[in-house]
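>>> Test case, fold it:
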Amino acid sequence: MHNTEEKNYIFGIRAIIEAVEAGKTIDKLFIQKGFIFSYPF
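Numbers count the residues shown, from 1 in each chain. Model prediction:
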């Protein structure tokens, strides 16, 4: 049996921020442990 669900992957913090701002749905988000990020919201 084949899974016909399309998988889209986004890499990089900027790409993720742009996707969220564009209203895209994110099913899973992986963040590196110990990652420090500062973004001026």
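>>> and residue 7, how many residues sit next to it?
Counted with other C-beta atoms under 10 Å, the neighbours of residue 7 add up to 6. C-beta coordinates here come from the backbone N, C-alpha and C atoms, glycine included.
>>> likewise residue 28?
Residue 28 has 5 nearby residues by other C-beta under 10 Å.
>>> Residue 7 versus that one, what's the distance?
10 Å (C-beta to C-beta, to the nearest Å).
>>> what residues are shared contacts of those two?
Shared contacts of residue 28 and residue 7 (C-beta atoms under 8 Å, 6 or more residues apart in numbering): none.
>>> show me what contacts the residue nearest the centre of the chain?
What sits nearest the mean C-alpha location of the chain, by C-alpha atoms, centre = their mean, is residue 16, with 4.2 Å. By C-beta under 8 Å, 6+ apart, the residues touching residue 16 are 10, 26, 29.
>>> does it count as helix, strand or coil?
Secondary structure for residue 16, judged by DSSP: H, G, I helix; E, B strand; the rest coil, is helix.
>>> Distance check, it against residue 27.
Distance from residue 16 to residue 27, by C-beta to C-beta: 13 Å.
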